[in-house]
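1. Could you look at this predicted model? Sequence included:
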Amino acid sequence: ADSDDEEEKRCLNCDASFEGLRRCGKCKAAYFCNASCQREVWKEHCKTCVAVAPVETTTPPPPPDAQAVAGAAPATGAPPAPDQKYTPEQIKQEGLRRMHQETLPEVSVLMREGNFDAAIEMLDEGVAFASGADERALLDSLSCLSARCYLGMGKPKEALEGLNPALMQARREGGPSAIKPHSIAAECFRALGDFDKTRVELRALVEAAAESTDEAEQAGALLLAGIALFDMGDVSSSVPLLASAASAAEKVGDFSGRATARARAGAALLRLRQPGQAIEAWGDELRALEEGEQRERAEAAAAAETEDAAVENLASRLEKTLDVSDADTKDSKTKKPSRAFAPVGDARARRCRAHGNIFTAHILMGAREAAEMHLAHACSVARELGAKEEAETWLRAGHAKRLAGDASDGVPSDAWEAYEKAAKIAKDAGLDDLAERAKTGAEGKVETAEMLAGTAR
């Protein structure tokens, strides 16, 4: 656009004029400073905000007189006449259609691609529409998406501003619908370093989860709150939440979520000097991983059988020229609902860590025979995964043996040997940073908190 056009562009709300004005994505005729200005005047602007119809250049429409003579009605789907008026309800329904069929799918793609600026621009328009149309659920959903975009850009303050409509509603109404806004708010405050407000949001999150009848939703909320409290150093408060999250995940068959909750609970219990209970938590983590892998193998086998059956069925249909509708009905009976939970996948690294953690707990209790058995399991799996995992396993073993030894004697010989193994494996593989960490451990320069941190992941 030329300079004269730029001077004519003014915010429809506050009349400001500057280069960064945002154009209405629907009518392309109005401009706004930001989403806030767009929301302020949306109730008036929506009365005239109509999507620009594509210009038809190929076949000109017949003259009006010709249509009148022939008595023909306008073609269905034809662009409306320029002077056609729209009722508020028609405008609202068209806006809802665009939100669900165009805006939200496009925003999802943009967020996956990391194009958060473009996603936010589309979401701002959606927020203005939802606010003016009094579509509460849509407004909350768009606000949460906007906050997620800002968090993806590393802007927690802006994320809180974008989240504000949904968060205010969550604080007023509570209930299960408040889970997502409170969880995002907790993430924002934590990123800003305001742990007091983070805890306030986590408490509200747990209260909202308690009102939910969806156990999968409960499990996710409790897991998020438990991990956040653990990471902030609120270890004792995290344990009951993580235990509840694991139980809820077990009920709904979320093996990965259950394993994650048990893993973090074990680390918390070890820090609370309860190694026996930590062993129970990590033992259940191993069971969850094993059960999850078994289920996924069974599902993969069933899917292969279903695919084979479908191929055979197709061949039979071609040979016998069966009716397609009957065959499709038969095929539909073999389809299984898609899984709603994250898969366990290749759990070797998680099993390696779990065995290493159980080794640490056993050795702190003085049960060296049981400890060495789990260390052997951890090392066996680590070798399959490569030098990095093997070196880290020996590094954690060195930390555990040092914690179990007599601090007055410096680094115990068995701990020193473990550090040396870690350093050699790392050095041979060119992992210089890891080799340096092992050397620091052998010199006794690692603090207790750092040594225990290896049990959390």
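-> Now that the structure is in, tell me what you want to look at.

2. show me where pLDDT drops low in this protein?
-> The chain contains residues with pLDDT under 70 at 1-8, 47, 50-85, 314-342, 344, 407-409, 454, 456-457.

3. what about the helices in the stretch 151-300 of the chain?
-> Listed in chain order, the helices of the stretch 151-300 of the chain (DSSP state H, counting those that start in this stretch) span residues 156-173, 179-191, 195-210, 215-231, 235-252, 255-271, 275-320.

4. tell me the angle of the second one relative to helix 215-231?
-> Helix 179-191 and helix 215-231 meet at an angle of 10 degrees, taking axes from the mean of the first three to the mean of the last three CA atoms, to 10 degrees as the criterion.

5. Next: the fifth one.
-> Counting by the same axes, to 10 degrees, helix 235-252 lies at 160 degrees to helix 215-231.

6. name the helices or strands packed onto helix 235-252?
-> Contacts defined by 3 or more CB pairs under 8 Å, 6 or more residues apart in numbering; DSSP states H and E place helix 235-252 against helix 215-231, helix 255-271. To be clear about C-beta, it is placed using only N, CA and C from the backbone, and glycine gets the same treatment.

7. wait, which of the ones you listed is closest to residue 103?
-> helix 215-231 (25.1 Å; CB to CB).

8. Run through who's touching the closest one.
-> 176, 179, 183, 186-187, 190, 198-199, 202, 205-206, 208-210, 212, 235, 237-239, 241-242, 244-245, 248-249, 251-252, 254, 257, 260-261, 264-265, 267-268, 340-341, 456 (CB atoms under 8 Å, 6 or more residues apart in numbering).

9. let's see it at 6 Å
-> With contacts defined as CB atoms under 6 Å, 6 or more residues apart in numbering, helix 215-231 is touched by 179, 183, 202, 205-206, 209, 212, 237-238, 241-242, 244-245, 248-249, 251-252, 257, 261, 264, 268.

10. Relative to residue 166, how far out is the residue nearest to the spatial centre of the chain?
-> The residue lying closest to the centre of the chain (CA atoms, centre = their mean) is residue 148, at 9.4 Å. From residue 148 across to residue 166, the span is 11 Å (CB to CB, to the nearest Å).

11. ok, now residue 157?
-> Distance from residue 157 to residue 166, by CB to CB: 16 Å.

12. quick one: which of the two has more around it?
-> It is residue 166, of residue 157 and residue 166, that has more neighbours when counted by other CB atoms under 10 Å, with 28 against 10.

13. My guess is the more buried one contacts residue 146. True?
-> No - with contacts counted by CB atoms under 6 Å, residue 166 stays clear of residue 146, the gap being 9.0 Å.

14. Quick one: the helices in the stretch 1-150 of the chain, in order.
-> Under DSSP H, counting those that start in this stretch, the stretch 1-150 of the chain gives helices at 3-8, 35-45, 64-70, 88-98, 104-112, 116-132, 136-152.
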